[in-house]
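1. no sequence for this one, just the structure:
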């Protein structure tokens, strides 16, 4: 189970965790380039965990690899008791060519 103590365990630091949360929240319209650019501006974040010096060395590529490595070591986080369901869906796609 993910608790307050290990909430940012998959990341280099809490700042990277906050930036990755920004990347994958909302409309999904934030590109990797926009996320990298966000770290270069003055960012006012409510969280006391945000650290400007960590943000200056932030790398989306590195943090994505950290997430993958972290998840490989952990059991499936999408448990039914958290409301997740597994299902199969058929999706018809147009034929190319």
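-> Received the coordinates, thanks. Because the structure is a prediction, the values reported are computed rather than measured. Residues are numbered from 1 along each chain as shown.
2. in terms of helices and strands, where is residue 21?
-> Element membership for residue 21 (DSSP states H and E) is helix 14-23.
3. neighbouring contacts of that helix?
-> Contact partners of helix 14-23, identified using C-beta atoms under 8 Å, 6 or more residues apart in numbering, comprise 7-8, 10-11, 30, 32, 35, 38-39, 45, 47, 49-51, 54-55, 58, 60, 63-64, 66-67. Glycine gets a C-beta too; all of them are placed from N, C-alpha and C.
4. what of stretch 56-63?
-> 11-12, 15-16, 19-20, 23, 32, 35-36, 39.
5. quick one: end-to-end distance for that stretch.
-> For stretch 56-63, the separation between the terminal residues is 14 Å (C-alpha to C-alpha, to the nearest Å).
6. chain center to that stretch: distance?
-> Remark: stretch 56-63 is offset 11 Å from the chain centroid, using C-alpha atoms, centre = their mean, to the nearest Å.
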